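Asks: give me a model of this one.
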Amino acid sequence: MNRLIIFGMLLLTGALMSCGSGGSASGAAGAFTGTISDAANVTLHFEQYNMSRANHILGSTQLDGSGNFTIDVPNGFENSLYRMRLGASKFLFPAGGGESNIQIKGNIASLKNYTFDLSGSATAEKYKDVVGSWKNGKTTIPNIPNELEALDPLSAMAAAISIGGKSKGFLNLHEMTYERMKKAEMKSPYTMDYSSYINNIKNPPVVKAAQPTPQRRKPASKFNVGDVAPDIALQSPDGKNYSLAELKGKVVLLDFWASWCGPCRRENPAVVKMYEKYKDDGFTVFSVSLDGSTDRWKNAIAQDKLSWPYHVSDLKKWSSAPARMYGVSSIPKTFMIDRDGKIASIGLRGAHNIEQALKQIL
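Replies: Residues are numbered from 1 along each chain as shown. Here you go, the predicted model:
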């Protein structure tokens, strides 16, 4: 009887330990950890990447004061693609399945050129070395197929996307890699997604230009798609200095508006919606007001919940220097600017048209 009581107590103790919230009893089968030395207190998002389908968010965390982070992967790593997002920086990588702890160390610059340290996954390490060799000019275009041949099919697909993107110049590379996916990963949903990805290269979706609302002033612009966007450097309502050129590396919607402009105020909710949806993907808004009063300008920003920090004006209404520089003769007027500081779209109106343009360049 005493033995039964002791055995029961041991079982109860084990059960209590397994349900605890501290130490190694968290039940996490894997973890994504690391240090990004110059990203203290920045929020990192980690997800299982599914291309044309909804991504599975595994977790988000704020890096500590030294740039350290840990995100649990409760079900462990699968033979799948994963992506970390840190501000405007992204890193897509494959895992072989079964890894317990994938670790990354570096800084923000190293994320862009793949010179960071990565450990814990032989699959991810090989992929990172191949893509890094390309990004740092060590691999020439003729040698890329051989580099990809040394990777497993899923890693080769991820590398082809990271190297060539949707450029038609890399279409043959994508088709060769897709054939490997079909042979080895026929039942993988990535194979179907990759087929759609390649079809979009062959037949890219057409983004229809927004139909401008009739206004007294005829819309005009001194610039065309592909031109470098001139810098705008002015003060915010609170006296802070902001420069458009400092946002290079992000996708920016340059928005000319004013508190007294009815169509602008009606358009603001669409801009807010897109900012909230894509701000963690490297998208922001740079608002240039054609106001003449700081108080009315500030009140409109608060009322319309324009939460991005980049609000500037010289308070000269239609004599605004930036408006004249950009040839703006009616508002609202928008210019979508890509990560290289070049104009990608002009005159976008409405959430749908803004989103379609964003999807082409994010």
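Asks: could you list every residue that touches residue 96?
Replies: Residues touching residue 96, when contacts are defined by Cβ atoms under 8 Å, 6 or more residues apart in numbering, comprise 77, 79, 121, 122, 123, 124, 152. Using the backbone N, CA and C atoms, a C-beta is placed for each residue, glycine as well.
Asks: strands along the stretch 251-362 of the chain, start to end?
Replies: Per DSSP state E, counting those that start in this stretch, the stretch 251-362 of the chain carries strands over the ranges 251-257, 283-289, 311-312, 333-337, 343-346.
Asks: mind putting those into JSON lines with mean pLDDT?
Replies: Compiled in JSON lines, these are given as follows (pLDDT from 0 to 100):
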{"stretch": "strand 251-257", "mean pLDDT": "96"}
{"stretch": "strand 283-289", "mean pLDDT": "97"}
{"stretch": "strand 311-312", "mean pLDDT": "97"}
{"stretch": "strand 333-337", "mean pLDDT": "95"}
{"stretch": "strand 343-346", "mean pLDDT": "92"}
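Asks: related to what we said a few turns ago, pick the one among the contacts of residue 96 closest to residue 50.
Replies: residue 79 (13.5 Å; Cβ to Cβ).
Asks: the closest one against residue 121, yeah?
Replies: No. With contact defined as Cβ atoms under 8 Å, residue 79 does not reach residue 121; the gap is 10.9 Å.
Asks: which neighbours do those two share?
Replies: The overlap between the contact sets of residue 79 and residue 121 (Cβ under 8 Å, 6+ apart) consists of 95, 96.
Asks: with neighbour numbers in mind, choose between these two.
Replies: Neighbours per residue (other Cβ atoms under 10 Å) separate residue 79 from residue 121, with residue 121 holding more: 23 against 16.
Asks: tell me which residues touch the more buried one, please.
Replies: Contact criterion Cβ under 8 Å, 6+ apart gives 77, 93, 95, 96, 99, 102 as the residues in contact with residue 121.
Asks: closest one of those to residue 230?
Replies: Residue 230 lies nearest to residue 93 out of these, by Cβ to Cβ, at 37.3 Å.
Asks: now do the buried residues in the strand or helix carrying that closest one.
Replies: With elements delineated by DSSP states H and E, residue 93 resides in strand 89-96, which encompasses its position. For strand 89-96, a neighbour-count test (16 or more other Cβ atoms under 10 Å) marks 89, 90, 91, 92, 93, 94, 95, 96 as buried.
Asks: how about the fifth one, nearest residue that isn't a chain neighbour?
Replies: This points to residue 93. By the measure of Cβ to Cβ, 6 or more residues apart in numbering, the closest residue to residue 93 outside its immediate chain neighbours is residue 124, 4.6 Å from it.
Asks: burial measure for that neighbour, as a count.
Replies: Neighbour count of residue 124, defined by other Cβ under 10 Å: 23.
Asks: what about residue 161, which SS state?
Replies: Following DSSP: H, G, I helix; E, B strand; the rest coil, the label given to residue 161 is helix.
Asks: quick check: the gap between it and residue 198.
Replies: Residue 161 sits 10 Å away from residue 198, taking Cβ to Cβ, to the nearest Å as the criterion.
Asks: overlap of the contact sets of these two?
Replies: Common neighbours of residue 161 and residue 198, counting by Cβ under 8 Å, 6+ apart, are residue 174.
Asks: in the protein, which residue is most central in space?
Replies: With the centre of the chain defined as its mean C-alpha position, the nearest residue by Cα atoms, centre = their mean is residue 281, 2.6 Å away.
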